[in-house]
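A.B. asks: with the sequence up front, the predicted model follows.
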Amino acid sequence: MIASSVRRLRPVLRPPASWPFAVFILVLLILVGASATRIPLSVAFAAYALFVAFTIRTVRRLPVEPGIWLGRRAVRRGLVALIALVCLDFAIGPALLSGAGALLFLLLVLCDVALGRATSRIASAREDAVDERQEALRNRAFRAAYAVFALAIGGSVLIAYVWSPDSRAWMATRLSGGAILVFLQLLFFLPAMTVAWMEPDRLGDEPAPARARRGLERLAMGMVGAAVLLPIVLSLTLLGPFRTVEHVEPIVGMPHGSCQYFHAEKQVGILFGATQALNAVACSDGIRAEEAWGLNSSDCLPSSAVFVEVLSTRCSRTTDSNGTLRFVYSARVRSSLLPFLSRDMVLNLELARDGRVVRFP
Amino acid sequence: MSVDQRLVLALLAVWLLLIAPYPVSLDGWAVTLVLALLTLDVVLGMRTGWLAFARGGRLDEREAALRDRAFRLAFRLAALGIATMLVTGYLSAIVGFFVEHQPSPVGPPNPIGARGIAALLELLAIAPTAVIAWLQPRPVQQPASSWRLGWLPLLVVPFSALLWLLAVNALPPRSALAHRVPGGLSMADATCGDFTARRETGFGFGGAIRLQVAVCWNGHQAFAVGDTTLPAPASLPAEEYAGFRMDPGLTNCRPQSGDSDFGRITQGCTETIDQDGTMHYQVRGRVWPAAGGLGARDLRLELTVTRDGRIVNFG
């Protein structure tokens, strides 16, 4: 009786084919929700790191076989190209301990996990654990990897050393930055990368994995996809609409006539984005509107910037002949992960001499 | 133990000497070690039939299997060698500080040094051949008639020595400069800066002279601080200047580790302060390969700072 119930239940519990997409959407919704409820970034980041850890655990639970997807040569080569791009980014770009560096590092870890699966980890397998075909492939891969490693490491170090004092200084900077990670990546994973690049497509007549394992594979694929795509999707939210909060409040008892307190916050991006803030008091006496505080160049700073770079493009305060006060703070927000993405943000305050707010924010 | 294995051990010993943390400076002997390594490389290459560099088509099954295994092991060997280099690099800094009383290296960045580059390239180039030589049961047999011609590759050793000597002499000397104002030293009524420079021959594979000086200026004079052998400035009370003792961390006229690995060096420093209060600091040195005085070069580094801190000449 119980056994037949279990048999009936099993198809219901089997993860459907759309699970990878569902996992991704779920994680995205959780993070967007976290952003809406203003959960601290450190908590969101810890949650993401935990998710990555679970992803790695799930992937490692699977038998070491590439599966249909990673069995394709094009996919494996794409994976190798992605690893090479991350390495290149580390060699010339962010330090490991920077925000973008930490994310790239997580991406690299995930790629290496996927690489292990794609190659059935034959590069580091014991000799009795590989068959004749794998042994031949591994041998060829090691020869090629050694040549690439020697040329890449020896060549780049030698050229940087003899080229000029500047290139030598550059090498010193990079060695204390992300380049050491690239070096370790090449040292430990280059043979596997070469195997992934060289191995032909897997044969289609290989025995299909059991149904339950297929479900787990899809779940793992979804988790890997979510972990890799999430930072990219969050970076893309920089293109979304601005979210603005504003608040104006008259202040009584100020000696400079009629004064008002102005508060505005303009946000762009979800979790990965920037916030411009303005907190100021300006007064008007019927002849002229003037700043009391909060409208100076030292106030043109972003109140938050997460995985973006904020460059102040304009910060000006003027009072025209009509006595109208104008303050403009504009900034360009550029994504750290996708540096080709940027948005311009502007905060305005225009106050007429009679105390009328013409424009805000 | 076979002859090949003994050769590999000799290669390892010379390589370890090249990266050894002590002595901190090889005083021109690095080139001798590199040439010894090159000789052993060529001998090992010949005794293995250059199997590591051979194309697959002309190898029999046993040779191909040996070569493939050697490359797998060479990858691990390279990792071990690089880890060893990192450890000896740190040990070298410690030995330099505690045993030879050398201050921590300052000045333009030089993260790995010519000695380290030579050791790294040697490791990467010869590791597969060394593994093949260690593993192969007997040397690859050469036809008797080609025995004499077979040793021709050894000519690469004297040819390399000649090429290096020419490079050290023909390539223009290069300077790397760095300065920081204000520097690490503070003085009442004066501003101080740290100046460091390195002038090298052979694009880093010859010797190098070094300038390291802390300079202060007080509107009346510019002067060096930290070397009591240099003349005292007239604008500063003698008792105040006497407070600044000999401090090699501020001003130092000795070459540092890495400067004299590939060439022997002598250098001397002079300071003059003219009537306008402008300081002229000069380092003159002579760099030459270990073998006699052949290929010696004279090098010079100058620093001129006015009494108001303007750098007139540096390099």
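C.D. replies: Now that the structure is in, tell me what you want to look at.
A.B. asks: after the longest helix along chain A, which helix or strand is next? Please name it.
C.D. replies: Determined from DSSP state H, the single longest helix within chain A is helix A:211-236. The C-terminal neighbour of helix A:211-236 among helices and strands, as given by DSSP states H and E, is strand A:243-251.
A.B. asks: ok, back up a step: so which elements touch the longest helix of chain A?
C.D. replies: If contacts are counted by 3 or more CB pairs under 8 Å, 6 or more residues apart in numbering or on different chains; DSSP states H and E, helix A:211-236 sits against helix A:19-36, helix A:41-61, helix A:67-70, helix A:99-118. All C-beta atoms are positioned from the backbone trio N, CA, C, and that covers glycine.
A.B. asks: so for the first one, what's the average pLDDT?
C.D. replies: Right, helix A:19-36. Taken as a whole, helix A:19-36 has a mean pLDDT of 62.
A.B. asks: and if you look at the third one?
C.D. replies: Across helix A:67-70, the average pLDDT comes to 68.
A.B. asks: where does the chain have low pLDDT?
C.D. replies: If you meant another chain, say so; for now it's chain A. For chain A, the stretches with pLDDT under 70 are A:1-42, A:60, A:62-69, A:93-100, A:176-177, A:202-213, A:254-256.
A.B. asks: chain B is the one I meant
C.D. replies: For chain B, the ranges with pLDDT under 70 are B:56, B:99-111, B:138-150, B:290-293.
A.B. asks: phi, psi for the residue most central in space within it please.
C.D. replies: Ranked by distance to the mean C-alpha position of chain B (CA atoms, centre = their mean), the top residue is B:Gly258 at 3.5 Å. Backbone torsions for B:Gly258, taken as degrees, to the nearest 10, come to phi 100, psi -20.
A.B. asks: measure it to B:Leu163 for me?
C.D. replies: Computed with CB to CB, to the nearest Å, the distance linking B:Gly258 and B:Leu163 is 22 Å.
A.B. asks: ditto for A:Ala53
C.D. replies: In terms of CB to CB, A:Ala53 sits 54 Å off from B:Leu163.
A.B. asks: go on, A:Arg317?
C.D. replies: 67 Å.
A.B. asks: who has more neighbours out of the two?
C.D. replies: Looking at A:Arg317 and B:Leu163 with other CB atoms under 10 Å in any protein chain shown, you find the greater number of neighbours at A:Arg317, namely 19 against 11.
A.B. asks: so which bits of the stretch 151-300 of chain A are right by chain B?
C.D. replies: Within the stretch 151-300 of chain A, the positions near chain B by CB under 8 Å from any CB of the partner chain are A:153-154, A:157-158, A:161-162, A:164-165, A:168-169, A:171-173, A:175, A:187-188, A:191.
A.B. asks: filter the residues you listed to the buried ones?
C.D. replies: A:153-154, A:157, A:161-162, A:165, A:168-169, A:171-172, A:175, A:187, A:191 (16 or more other CB atoms under 10 Å in any protein chain shown).
A.B. asks: residues in contact with the residue of the stretch 201-315 of chain B found nearest chain A?
C.D. replies: Closest residue of the stretch 201-315 of chain B to chain A, CB to the nearest CB: B:Phe203 (4.4 Å). By CB atoms under 8 Å, 6 or more residues apart in numbering or on different chains, the residues touching B:Phe203 are A:161-162, B:167, B:171, B:174.
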